[in-house]
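**Student:** From the sequence below, what's the structure:
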Amino acid sequence: MRNCFVVIFILAGCSCAAQEPVGQNHSPSFEFGFEQRVRNENWNNILDYSSAQDDERQQIRYRTRVWMKAPLASTVDLFVGLNQETNQKIGMANRFDEVIFENAYLDFKRLFVDGLSLRVGRQNLMRGEGFLLFEGTSGDGSRGIYFNAARLAYSRKKSTIELIGILNPTYDRFLPRIHDQHKLLQEWNEQALGVYYTDANLKNTGIEAYYFLKKEVNDVRPAANPQFQPDRRISTLGARVVREISPGWRATGEFAGQWGVQHPSTSVRGWAGYGYLRRTFQHAWKPYLQAGYWGFSGDDPVTADRVEGWDPLFSRWPKWSELYLYSLVRERGVAYWTNLGMWQGEAGFYPHRKLECRLTYYRMGAFHPFRGDQSVFGDGTRRGDNIQARLDFILNPNWRGHVLYEEHLPGSFYRMQNKGYFLRFELSFLIRATPAAESVKNILRFD
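**Tutor:** Below is the predicted model:
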């Protein structure tokens with residue numbers, strides 16, 4: 001893979017040499033940025049919903065990011081970003097963590113055919129609302145979401161078709177790290193090839209369709225571990241539709257099916273989907289109401305020769321709950337959304353242009369009881385009620401933050417019935433800058 005990066009950079013230099021001179025319509029843009037984010041978190045009972053166990057955690061997360069985008073030619077950019085996040089538990093020493101290359105890619109914005117582009121290297125990927133494709137490093141917490149990927153895209157009018165290749169190892173072995181801590185990025189090596197189509201040509205309607213073939217191999221956990229997963233190969237086919245029904249009304253739906261095989265010959269069949277309706281009102285505070293349902297198929301413990309549970313592919317992130325992703329740790333792993341059905345109700349409003357308030361409720365259930373640790377899990381299918389309140393604020397273009405509170409009232413899916421909670425305060429400082437054109441020329445000079 002490192003040799004591939006060398007070849008890519010050589011090709012980039014050849015491509016730059018072949019580009020036309022920078023003209024009035026293709027001025028290079030050198031950019032750099034810096035972000036410092038601080039999170040103060042406190043949570044309790046969200047692993048087992050038992051007050052008898054001392055699992056309360058208070059911690060501060062410090063994440064520092066720096067990045068740079070440099071034009072190599074009129075249509076070729078180099079983007080490089082570094083990232084370091086330290087997680088300090090209250091009462092313990094603050095220790096410097098590792099520094100990683102969060103991004104390192106070449107962006108060929110135009111190739112030999114109009115509308116054709118290529119981005120290759122370490123990059124962030126998100127499609128739709130992250131239902132399938134968003135998180136490439138689920139094991140490193142809130143530090144990063146990157147993929148080692150190549151994305152070849154062709155755009156025409158208001159439609160785009162993308163060919164995406166992904167290679168995410170269990171431990172980072174492609175780019176150097178400073179103060180390497182050998183962090184686990186996910187439980188297995190991941191390889192995927194997919195096609196993603198986006199279309200906005202229809203009036204008031206957005207359509208997305210996709211197919212991904214993914215391999216998950218070499219689980220690092222011992223085979224005796226109840227969470228050990230044998231090698232598997234799985235296909236996922238799905239589509240998403242967003243429709244503006246009338247002024248103020250919007251409907252969104254997505255559904256995907258999965259099929260494949262798990263070693264040695266276990267069949268894999270899963271599904272997942274959601275649908276919700278959003279109503280926005282004409283008022284100075286821009287209030288809205290949203291209601292919908294999310295479902296992720298579960299593995300039936302009775303059918304030992306078949307796996308029916310949904311595989312979240314690259315969507316193991318806290319889209320629905322910052323609290324509940326920890327509750328999933330003792331099932332299949334952190335943020336492994338499967339065997340889950342949720343009814344949602346949400347209300348939000350903007351009392352000020354720099355202030356957003358949101359209240360969310362989930363009624364959570366499971367399709368099957370979980371035959372795991374009997375001290376944690378019960379014999380029912382009601383996961384419980386999840387309640388969230390969030391306040392986002394913008395102080396100025398450089399400073400922003402939020403306050404989030406969640407609590408979960410467990411149901412019969414769990415043996416114990418003690419309430420769990422999650423509280424977070426976040427503040428971040430961000431700078432983006434673009435030097436003047438003459439400064440760009442000086443920066444890029446090598447003589």
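**Student:** just checking, what packs against the helix or strand where residue 327 lies?
**Tutor:** Assessed by DSSP states H and E, residue 327 sits inside helix 324-327. Contact partners of helix 324-327 among helices and strands, from 3 or more CB pairs under 8 Å, 6 or more residues apart in numbering; DSSP states H and E: strand 399-410. Where C-beta positions appear, they are placed from N, C-alpha and C, glycine not excepted.
**Student:** What helices and strands are in contact with the strand it packs on?
**Tutor:** For strand 399-410, the packing partners by 3+ CB pairs under 8 Å, 6+ apart are helix 324-327, strand 382-394, strand 420-433.
**Student:** any idea of the mean pLDDT in that strand?
**Tutor:** The average pLDDT within strand 399-410 is 98.
**Student:** do the same with stretch 178-188
**Tutor:** 95.
**Student:** which residues are contacting the helix holding residue 327?
**Tutor:** With contact meaning CB atoms under 8 Å, 6 or more residues apart in numbering, helix 324-327 is reached by 43, 46-47, 49, 316-318, 334-335, 364, 386, 406, 408, 420, 422.
**Student:** Quick one: distance of that helix to the chain centre.
**Tutor:** From the chain centre to the centre of helix 324-327 is a distance of 15 Å (CA atoms, centre = their mean, to the nearest Å).
**Student:** and if you look at stretch 151-170?
**Tutor:** That offset, for stretch 151-170, works out to 17 Å (CA atoms, centre = their mean).
**Student:** Could you list the low-confidence segments of the stretch 1-150 of the chain?
**Tutor:** 1-28 (pLDDT under 70).
**Student:** ok, 80 please
**Tutor:** Applying pLDDT under 80 to the stretch 1-150 of the chain flags residues 1-29.
**Student:** wait, doesn't residue 338 sit right on residue 307?
**Tutor:** No - using CB atoms under 8 Å, residue 338 is not in contact with residue 307, being 10.1 Å away.
**Student:** shared neighbours of the two, anything?
**Tutor:** 270, 299.
**Student:** Which one's more surrounded, these two?
**Tutor:** residue 307 (24 against 21; other CB atoms under 10 Å).
**Student:** any idea how far the helix or strand harbouring residue 253 is from the chain center?
**Tutor:** Assigned by DSSP H and E, residue 253 belongs to strand 249-262. Strand 249-262 sits 17 Å away from the centroid of its parent chain (CA atoms, centre = their mean).
**Student:** Using PDB, write out every CA atom in it.
**Tutor:** In PDB, the C-alpha atoms belonging to strand 249-262 read as follows (Å, rounded to 0.1, in the frame of the first residue of the first chain):
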ATOM      1  CA  TRP A 249     -43.400  18.600   4.400                       C
ATOM      2  CA  ARG A 250     -40.600  16.200   3.600                       C
ATOM      3  CA  ALA A 251     -40.500  12.400   3.600                       C
ATOM      4  CA  THR A 252     -37.400  10.300   3.700                       C
ATOM      5  CA  GLY A 253     -37.000   6.500   3.400                       C
ATOM      6  CA  GLU A 254     -34.200   4.000   2.900                       C
ATOM      7  CA  PHE A 255     -34.000   0.200   2.700                       C
ATOM      8  CA  ALA A 256     -31.200  -2.300   2.100                       C
ATOM      9  CA  GLY A 257     -31.000  -6.100   1.900                       C
ATOM     10  CA  GLN A 258     -27.900  -8.200   2.600                       C
ATOM     11  CA  TRP A 259     -26.800 -11.700   1.600                       C
ATOM     12  CA  GLY A 260     -23.600 -13.600   1.800                       C
ATOM     13  CA  VAL A 261     -21.700 -16.400   3.500                       C
ATOM     14  CA  GLN A 262     -19.800 -16.800   6.800                       C
END
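**Student:** who does it touch, helix- and strand-wise?
**Tutor:** strand 232-246, strand 266-280.
**Student:** To residue 184, which of those strands lies closest?
**Tutor:** strand 232-246 (18.8 Å; CB to CB).
**Student:** Let's test this: mean pLDDT of the closest one, rounded?
**Tutor:** Across strand 232-246, the per-residue pLDDT values average to 97.
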